[in-house]
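Structure of the sequence below:
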Amino acid sequence: MVSTLAALDQSVDDRVRVDRIRLLEELKAAAAAAQARESAAFADSQRAAQLADGVPAERASRGVAAQVALARRVSPYRAQRELGWARILTAELPATFAALQAGQTTEWRAMIIARETGWLSREHRAQLDAQLAPDLPRLGDRRVEAEAKKLAYRLDPHGYVDRLRTVADERRVTLRPAPDTMTRLTTLLPVKQGVAAYASLTRAADTLIGQGDPRTRGQVMADTLVERVTGQTTADTVPVEINLIITDQTLFGDGEHPGERPRTDSAGRGPAAGADEPGVLIGHGPIPAPIARDLALDPEGAPRWIRRLYTAPDSGQLIAMESRRRLFTTAQQLFVRLRDHGNCRTPWCDAPIRHTDHIQPSARGGPTNVHNGQGACAACNYAKEAPGWHAATSPGGAGDLVVITTPTGHLYESRPPDPPGTTRQRRSTEAKPSPLERALAKLLAAA
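The predicted structure is shown next:
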């Protein structure tokens with residue numbers, strides 16, 4: 001199917017192209033329905049197998065969503081959420097599932113219904129499914145969500161209100177990178193608190209703009225938020241430790257800062273080699289060299305702390321530390337977090353690091369050093385404790401290539417990001433593991 005779609009004849013008119021677009025959308029929906037069915041069946045099978053092996057019921061599904069995430073190349077959080085919806089969709093929303101199989105609605109709209117009915121009783125969910133499914137071919141995302149909420153309220157008004165009173169427990173603050181060296185600080189608040197906070201920022205902006213402040217309303221609101229949260233006088237002078245990884249050539253390479261003369265290399269031929277190598281801001285990702293220099297050296301900004309981390313001259317990888325203790329030291333935890341750029345090492349996860357994990361478990365003789373350490377989010381670290389999971393490092397150490405073996409025998413590669421100023425020829429062995437990885441898998445299975 002993949003090769004057929006890739007080779008579609010392009011010498012057709014636009015009417016045929018529009019027909020194809022509709023058919024491809026229906027094919028995507030049908031594939032999503034098949035994937036949801038397989039995912040739900042896999043989850044049920046894995047749980048039954050773990051229960052048969054004596055795993056306690058409260059831990060019997062551990063690691064299942066992580067396997068689905070690896071197969072789908074998505075984060076474990078997304079896989080866990082969508083797996084729950086898929087089980088509701090396939091088992092308790094037959095009309096909606098049939099519409100998805102027939103290509104009459106999209107995967108996301110079907111998942112919206114599963115999400116909005118997850119708190120209902122099976123009886124009420126079946127009634128909502130029967131009423132809403134016939135209208136799905138003509139409803140968009142917002143209409144599907146609105147209709148599902150309206151019908152759910154009609155079916156169980158008391159339960160709907162009780163649910164709204166408990167969602168305040170889910171309030172939180174998150175930070176995610178945004179394009180162009182920006183970031184998104186997001187708060188999820190009860191409506192009363194959110195409206196009050198926004199109104200306060202709006203009033204502050206109106207006052208300052210009325211006094212002649214040249215900034216835009218959005219700029220004033222953003223700066224006021226930073227000042228109020230941090231307690232600083234101005235938003236640009238907030239002292240903070242920023243974990244920025246850059247090469248020395250980038251740090252001192254171009255002389256674009258006030259009062260500096262342009263630096264040249266040893267031959268006097270202009271900016272030093274490597275001066276334009278991007279830096280890595282932990283928690284955000286790569287940033288251009290001039291922005292990295294501004295963060296590290298701007299004399300008019302807040303106080304900066306610079307921590308020197310050295311790379312091995314032969315491999316370019318960060319140099320390691322070792323401890324005789326079972327737990328990683330604070331310095332080792334920071335080293336692993338910086339080496340892994342602040343993100344969980346599980347492929348496609350990208351969640352912030354919460355645990356410093358032994359690749360080879362300490363209970364099996366794994367040493368407590370950064371060669372045997374990797375950054376992991378809490379969910380991925382707990383998932384690998386489920387039966388049938390194994391991980392091993394490749395020869396060469398430095399926490400470089402880690403081969404993950406799942407309970408079904410599938411292999412996945414995990415590598416840390418390259419430090420600034422280094423490159424590496426990458427290859428994928430997911431489909432066809434190398435002889436070394438096959439041998440590692442056999443050894444682990446035997447162990």
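
what bits of the stretch 251-400 of the chain have low per-residue confidence?
Applying pLDDT under 70 to the stretch 251-400 of the chain picks out residues 253-275, 283-284, 297-326, 394-399.

Now the residue sitting nearest the centre point of the chain: closest residue in space that isn't a chain neighbour?
Central residue check for the chain by CA atoms, centre = their mean: the C-alpha nearest the mean position is that of D350, 3.5 Å away. Distances taken as CB to CB, 6 or more residues apart in numbering place N343 nearest to D350, at 5.2 Å, with adjacent residues excluded. All C-beta spots, glycine's among them, are computed from the backbone N, C-alpha and C.

Surely the residue nearest to the centre of the chain and G342 touch.
No: counting by CB atoms under 8 Å, D350 sits too far from G342 to count as a contact (9.8 Å).

how about the residue nearest to D350, phi and psi?
Note on N343: backbone dihedrals following degrees, to the nearest 10 are phi -120, psi 150.

got the buried residues for stretch 39-53?
For stretch 39-53, the neighbour count (16 or more other CB atoms under 10 Å) marks 39-40, 42-43, 46-47, 50 as buried.

before we move on, back to that, which ones are touching the residue nearest to the centre of the chain?
When contacts are counted by CB atoms under 8 Å, 6 or more residues apart in numbering, D350 is found next to 75, 343-344.

hmm, try it at 10 Å
D350 is in contact with 74-75, 77, 176-177, 285, 342-344, 377, counting by CB atoms under 10 Å, 6 or more residues apart in numbering.

Buried subset of the residues you listed, written for PyMOL?
Applying 16+ other CB under 10 Å to those leaves a buried subset, and the PyMOL line that selects it is:
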select buried, resi 74+75+77+342+343+344+377
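
which residues touch the closest residue to P94 other than its chain neighbours?
Using CB to CB, 6+ apart and skipping residues adjacent in sequence, the residue nearest P94 is D129, 6.8 Å away. With contact taken as CB under 10 Å, 6+ apart, D129 is in contact with 88-89, 92-99, 113-114, 117, 120, 148, 151.

Okay, strands next: where are they in the stretch 51-200 of the chain?
172-178, 182-188 (DSSP state E, counting those that start in this stretch).

helices and strands around the last one, which ones?
I take that to be strand 182-188. On a contact count with 3 or more CB pairs under 10 Å, 6 or more residues apart in numbering; DSSP states H and E, strand 182-188 meets strand 172-178, helix 191-210, helix 217-230.

Quick one: mean pLDDT for the second one?
Meaning helix 191-210. In this model, helix 191-210 has a mean pLDDT of 90.

for that helix, which positions count as buried?
Buried-residue list, helix 191-210, by 16+ other CB under 10 Å: 201, 204-205, 208.

and D294, how many neighbours?
Applying other CB atoms under 10 Å, we find 16 residues neighbouring D294.

That one against I287, yeah?
Yes: shown here, D294 and I287 form a contact pair, counting by CB atoms under 10 Å, at 9.5 Å.

sorry, back to before: how far away is the residue nearest to D350 from L334?
15 Å (CB to CB, to the nearest Å).

measure stretch 393-412 end to end?
One end of stretch 393-412 to the other measures 12 Å (CA to CA, to the nearest Å).

oh sorry, the question was meant for stretch 331-347
Note: stretch 331-347 ends 25 Å apart using CA to CA.

residues of that stretch that come out buried?
So, applying 16+ other CB under 10 Å, buried residues of stretch 331-347: 332-347.

Inside helices: which ones of the residues you listed?
The helices, defined by DSSP state H, take in 332-339 from these.

out of those, who's nearest L164?
R337 (37.9 Å; CB to CB).

So that closest one sits against V280, correct?
No: using CB under 10 Å, R337 is not in contact with V280; the gap is 11.9 Å.

still on that earlier bit, now the common contact residues for D294 and I287.
T181.

residues touching the closest residue to I246 other than its chain neighbours, list them.
Leaving aside its sequence neighbours, I246 sits nearest to G279 (CB to CB, 6+ apart; 3.7 Å). Taking CB under 10 Å, 6+ apart, we find G279 in contact with 244-247, 250-251, 286-293, 295-296, 420-421.

give me the beta-bridge partners of G279?
I287 (DSSP bridges).

Counting only helices, which of the contacts of D129 make the cut?
Per DSSP H, the contacts of D129 map to helices at 88-89, 92, 94-99, 113-114, 117, 148, 151.

ok, those vs D223, which is closest?
For the ones in helices among the contacts of D129, the nearest to D223 is A148 (39.5 Å; CB to CB).

To what extent is V2 buried, counted in neighbours?
6.

gap between L93 and N343?
35 Å.

cool, and D135?
41 Å.

got it, and L295?
L295 is 19 Å from N343, by CB to CB.

Against P278, how distant is Q35?
For Q35 relative to P278 (CB to CB), the value is 37 Å.

circling back to that earlier point, backbone dihedrals for the residue nearest to the centre of the chain, please?
According to degrees, to the nearest 10, D350 has phi 70, psi 10.

ok, A69 to A379 distance?
9 Å.

Which neighbours do these two have in common?
75-77, 79-80, 346, 349.

which two from the residues you listed end up farthest apart in space?
Q80 and T346 (12.8 Å).

okay, and the common contacts of the two?
Common neighbours of Q80 and T346 (CB under 10 Å, 6+ apart) are 66, 69, 379, 383.

Next one: the residue lying closest to the first one once chain neighbours are set aside relative to P420, how far apart?
On the basis of CB to CB, 6+ apart, the spatially nearest residue to A66 that is not a chain neighbour turns out to be A383, at 3.7 Å. If you measure A383 against P420 using CB to CB, the figure is 31 Å.

How about T408?
Going from T408 to P420 by CB to CB gives 37 Å.

give me the number of residues near the residue nearest to R72 when sequence neighbours are not counted?
Nearest residue to R72 in three dimensions, chain neighbours excluded: A79, at 6.2 Å (CB to CB, 6+ apart). Applying other CB under 10 Å, we find 25 residues neighbouring A79.

And the pLDDT for A79?
pLDDT at A79 comes out at 94.

my guess is it meets V64, correct?
Yes: counting by CB under 10 Å, A79 does reach V64; the two are 9.1 Å apart.
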